[in-house]
Structure formats: C-alpha cells, structure tokens
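> Structure, please.
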Amino acid sequence: MKTLLLVSVFAAGIIAVPAAAQAQKKIGVVSVDDVLLKSHRGKQVVAQLNQFGKRERAKLVKMEKEVAASKKRLVNAGAGLSSQKRRSLILEQERQRRLLRLAREGATRDFRRRTETVRRTFNARVLQMIHSVAKRKGLLLVLKRGGDGVYYAAPSIDITKEVIRAMNRAYPARKRK
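The predicted model follows:
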C-alpha cells in the first residue's frame, strides 16, 4: 500500500512539473507604453497630439504678445494720456489678461480631453492586437509589464515586440508627402 501511495505521489510529481513549466509558457506580458512609443500608429498618435499642442501654444503666445504690447503702450504713454484714455487702456489690458487666462484653461482642458480620447481609441486597437497575438501564441494570460502586481517577467514571455509588429502591419506608416 505504501509503495502504491509512493508511486502515485512520484507520478503526480512527474506530471505536475511539466504542467507547471507549461503553464509558465502560457503567460505573456506587454508594455502598452512601448507599443505607443514604438509602433507606427503610436508614433502617429503622439505626433498628432504634439501638433495639436503646438497649435494651441502658438495661439497662447500670440495672446501673450498682445497683452505685453498693451502693457508697453500703457507704460510708454505714461503721464501724457488723458485719464479717460489711460483708464481705457487699463481696462483693455485687464480684458486681455482675463481672455488669456481663460484661453490657457481652455487649451489645457481641450488638450486633456483630446489626449484621453485618442489614448482610449489607441488602447482599444492595442487590446485587439494583444488578443490576436495571445490567441496565436496560445497564451492563457497577458499581464501589463511594469504594472501593479508584476514584479518580474522573464523576457521570453514578453509579447510587446510582436504586438508592435501586429500594430505596424494593421496600421502601416504613412508615406511623407
């Protein structure tokens, strides 16, 4: 009886070791941030957001120059202005400063919204690619590399490069004009 029990435990151990090793191969990790920064589509998304930010900054710089010019006119005119003209310039400068403050707040809010929308759309596409690569590789689980709960991931289970390649095939780089 002891021999049968010992053989059963030994056999279970032999079976369990390959099963455990096989289970390890059924887990993958991916860095969505790397996919964003290294895939063609990710680079396009980043470029679009940078372009949008650049346009918004240009508008703000123009407004800042107008406020500075208004202030300079007020300082240069000095005491030679009538009190009514001086008051008019001061009110105009205050109005421009309020508009500039509102424009900054609006630009920040618009950029944040645009970024969230673009990132959400991009992440949905990446998730499709992760599913595709995971199914092709027979993975049971894919974890976010560098995310909470993952303290170590062997490079052999990292599918980030394959997801980037899949994204690049699905969304090829556009030719520059």
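
> tally of neighbours for the residue nearest to Ser31 when sequence neighbours are not counted?
In space, and not counting its chain neighbours, Ser31 is closest to Arg145: 4.3 Å by Cβ to Cβ, 6 or more residues apart in numbering. The way it works is simple: take the backbone N, C-alpha and C, and place the C-beta from them, glycine included. Residues near Arg145, counting by other Cβ atoms under 10 Å, number 18.

> quick one, what contacts Arg145?
Residues counted as contacts of Arg145 (Cβ atoms under 8 Å, 6 or more residues apart in numbering) are Val29, Val30, Ser31, Asp34, Ala153, Asp158, Thr160.

> The fourth one contacts Ile164, correct?
Yes: at 7.1 Å, Asp34 and Ile164 qualify as touching, with contact defined as Cβ atoms under 8 Å.

> If you count surrounding residues, which of these two has more?
With neighbours defined as other Cβ under 10 Å, Asp34 and Ile164 compare such that Ile164 has more, 24 against 17.

> Check the secondary structure at the more buried one for me.
Assigned by DSSP: H, G, I helix; E, B strand; the rest coil, the conformation of Ile164 is helix.

> my read: it touches Ser39, true?
Yes: under the criterion of Cβ under 8 Å, Ile164 makes contact with Ser39 at 4.6 Å.

> returning to that earlier point: roughly how far apart are the residue nearest to Ser31 and Arg119?
Look at Arg145 and Arg119: by Cβ to Cβ, to the nearest Å, they are 18 Å apart.

> ditto for Glu66
Distance, Glu66 to Arg119, using Cβ to Cβ: 33 Å.

> Repeat that for Thr160.
Distance, Thr160 to Arg119, using Cβ to Cβ: 17 Å.

> Same drill for these two, tell me which one is more crowded.
Of the pair Thr160 and Arg119, Thr160 is the one with more neighbours under other Cβ under 10 Å, namely 21 against 14.

> tell me the phi and psi of that one?
With angles defined as degrees, to the nearest 10, Thr160 sits at phi -60, psi -50.

> Centre-most residue in the protein?
Arg119 (5.6 Å; Cα atoms, centre = their mean).

> next structured bit after the longest helix along the chain?
For the chain, the helix with the greatest residue count under DSSP state H is helix 83-137. Counting by DSSP states H and E, the element after helix 83-137 in chain order, helix or strand, is strand 141-144.
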